[in-house]
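Asks: Would you be able to build a 3D model of this:
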Amino acid sequence: MSNRWSEIIGTLFKKFMNYLKKQLTNTGILIITLIFLTVAFSVAASAQTNLEVFRTELAVPFDKVEGKILAVGETLVFIDDDKPEFSFAIGKNNIADLQKDDEVLTVQTKLAVRDRSGERTRFVFRLKDGKASDLVSKLNADFPSRIITTGETPKTNIATSKIYEVEHQHRFYGSCTGRLIIGDDRISFESTDDRDHSRQWLFTNIKKMKRNSPYKLEIKPFTGDSYTLDILGQGMDITDFKRLQDKLAAAKASR
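Replies: Residues are numbered from 1 along each chain as shown. Model prediction:
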């Protein structure tokens with residue numbers, strides 16, 4: 001009975017959202033969606049379903065937002081506690097990547113989604129109460145085609161990698177330092193100052209790279225923000241950059 005009610009609520013939510021998209025503005029959709037979720041929670045509670053709400057913090061520029069996150073059917077929903085009008089939902093088909101590292105869940109979307117900081121394609125949630133693993137299990141069950149990768153998955157082989165000390169200039173303000181690691185199939189930026197700014201790109205997911213000088217490298221992925229990195233020390237010589245371009249070209253040829 002419990003699983004059956006979860007399926008019914010998820011199906012109704014999906015059909016309801018499709019209808020609203022044809023009838024209402026984004027603001028209207030959000031308001032009605034929150035009402036629908038309230039009703040769904042009531043139904044779920046009375047039916048003793050396994051629908052679970054997780055307390056979380058959403059990272060925004062220079063701040064964090066307290067809220068709740070949950071999976072309803074094929075939709076990931078974040079409810080902003082202080083400003084519910086900036087709550088949002090991300091459909092499974094709009095999720096490009098999901099990653100978990102300890103209690104941090106990072107969601108990369110294909111299309112921009114609006115929250116209180118504006119429109120963006122990357123959302124970092126820090127789960128509270130040690131519940132990140134429970135949410136991952138829930139998402140992996142509901143989103144079978146978007147299996148979450150975790151901090152324990154295979155990473156770049158440091159022994160065969162080229163490593164540079166770099167500085168990343170943030171989009172709006174400030175910067176952080178770290179390591180740029182160029183491996184056989186990916187590039188990683190590991191920030192030593194701010195883990196939220198760390199990134200990892202498979203070569204197949206990079207649209208282009210540009211070396212403006214031996215001391216500046218720009219990475220533009222197919223989805224997500226571009227990254228401009230200042231290379232410290234002796235910089236990156238043209239021979240190493242050509243090798244990097246060759247890896248990128250080979251990856252594109254295999255797409």
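Asks: Going by C-alpha atoms from here, please, whenever you check contacts or count neighbours.
Replies: Noted.
Asks: Okay, helices next: where are they in the stretch 101-250 of the chain?
Replies: Applying DSSP state H, counting those that start in this stretch to the stretch 101-250 of the chain gives helices spanning 132-142, 238-253.
Asks: Next, the buried residues of the shortest one.
Replies: Put plainly, it is helix 132-142. Under the neighbour-count criterion of 16 or more other C-alpha atoms under 10 Å, helix 132-142 has 132-133, 135-136, 138-139, 142 buried.
Asks: In a markdown table, list these along with distance to Ser117 and pLDDT.
Replies: Compiled in a markdown table, those are given as follows (distance: C-alpha to C-alpha, whole Å; pLDDT from 0 to 100):
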| residue | distance to Ser117 | pLDDT |
| --- | --- | --- |
| Ala132 | 24 | 75 |
| Ser133 | 27 | 75 |
| Leu135 | 24 | 79 |
| Val136 | 25 | 74 |
| Lys138 | 27 | 73 |
| Leu139 | 25 | 73 |
| Asp142 | 28 | 64 |
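Asks: Mind putting these into CSV with distance to Phe54?
Replies: What follows is the buried residues of helix 132-142, written out as CSV (distance: C-alpha to C-alpha, whole Å):
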residue, distance to Phe54
Ala132, 8
Ser133, 11
Leu135, 7
Val136, 11
Lys138, 11
Leu139, 12
Asp142, 16
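Asks: Tell me the one among those nearest to Gln234.
Replies: Closest to Gln234 out of the buried residues of helix 132-142 is Ala132 (40.9 Å), distances taken as C-alpha to C-alpha.
Asks: ok, that closest one - contacts?
Replies: 100, 102-105 (C-alpha atoms under 8 Å, 6 or more residues apart in numbering).
Asks: Now restrict those residues to buried residues only.
Replies: Buried among those by 16+ other C-alpha under 10 Å: 100, 104-105.
Asks: Determine which two of the contacts of Ala132 are furthest apart.
Replies: Maximum pairwise distance among the contacts of Ala132 (C-alpha to C-alpha): 8.2 Å, between Asp102 and Leu105.
Asks: burial of Glu80, as a residue count?
Replies: You called it Glu, but residue 80 is Asp. If you count neighbours by other C-alpha atoms under 10 Å, Asp80 ends up with 21.
Asks: now do Glu190
Replies: Glu190 - counted by other C-alpha under 10 Å - has 21 other residues nearby.
Asks: was I right about it contacting Ser198?
Replies: Yes: between Glu190 and Ser198 there is a contact at 4.9 Å, judged by C-alpha atoms under 8 Å.
Asks: which neighbours do the two share?
Replies: Contacts common to Glu190 and Ser198, judged by C-alpha under 8 Å, 6+ apart, are absent.
Asks: In the stretch 101-250 of the chain, mark out all the strands, start to finish.
Replies: 104-115, 118-127, 149-150, 162-169, 175-182, 186-191, 199-202, 206-213, 216-221, 227-231 (DSSP state E, counting those that start in this stretch).
Asks: and which of the contacts of Ala132 is nearest to Gly73?
Replies: Using C-alpha to C-alpha, the contacts of Ala132 come closest to Gly73 at Leu105, 18.6 Å.
Asks: what bridges to that closest one?
Replies: Taking DSSP bridges as the rule, Leu105 bridges to Lys100, Phe125.
Asks: Verify the stated contact: it with Lys131.
Replies: No: if you go by C-alpha under 8 Å, Leu105 and Lys131 don't touch, sitting 10.8 Å apart.
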